[in-house]
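Participant: show me how the following folds:
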Amino acid sequence: MEDRLMDAKELAGKLGVKPCTVLIWASQGKIPALRLTPKTLRFELSEVLDALRAHPQSTKATSTIEGEQ
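Facilitator: I've put the predicted structure just below:
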């Protein structure tokens, strides 16, 4: 799988959540994000999935992640 940077909307589609949820998780430090500018965040899917797998109780995306394997 090629890992490229995604915006919040793309990542939300992969995780089955809303883009605002992705942004909230990033602001809370639940998922890693790369800040390109003060208003621009990008995400690496593999890093986000690793973070969510490490702490599945902190998000509602656990079933999506488990179904991906």
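Participant: every contact and neighbour count from this point should use C-alpha atoms.
Facilitator: OK.
Participant: mind listing what Arg4 touches?
Facilitator: 44-45 (C-alpha atoms under 8 Å, 6 or more residues apart in numbering).
Participant: got it, and Met6?
Facilitator: With C-alpha under 8 Å, 6+ apart, Met6 has these contacts: 42-45.
Participant: what residue ranges in the chain score low on pLDDT?
Facilitator: 1-2, 58-69 (pLDDT under 70).
Participant: not counting its neighbours along the chain, what's nearest the residue nearest the centre of the chain?
Facilitator: Taking C-alpha atoms, centre = their mean, the centroid of the chain lies closest to Val48, which sits 4.5 Å from it. Using C-alpha to C-alpha, 6 or more residues apart in numbering and skipping the chain neighbours, the partner closest in space to Val48 is Ile31 (5.4 Å).
Participant: where exactly do the helices run in the protein?
Facilitator: Ranges of helices in the chain, per DSSP state H, are 8-15, 19-28, 45-54, 62-68.
Participant: take those helices and write them to TSV, including distance to Pro38.
Facilitator: Below are those laid out as TSV (distance: least, C-alpha to C-alpha, whole Å):
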stretch	distance to Pro38
helix 8-15	15
helix 19-28	13
helix 45-54	20
helix 62-68	29
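Participant: brilliant, that's me finished.
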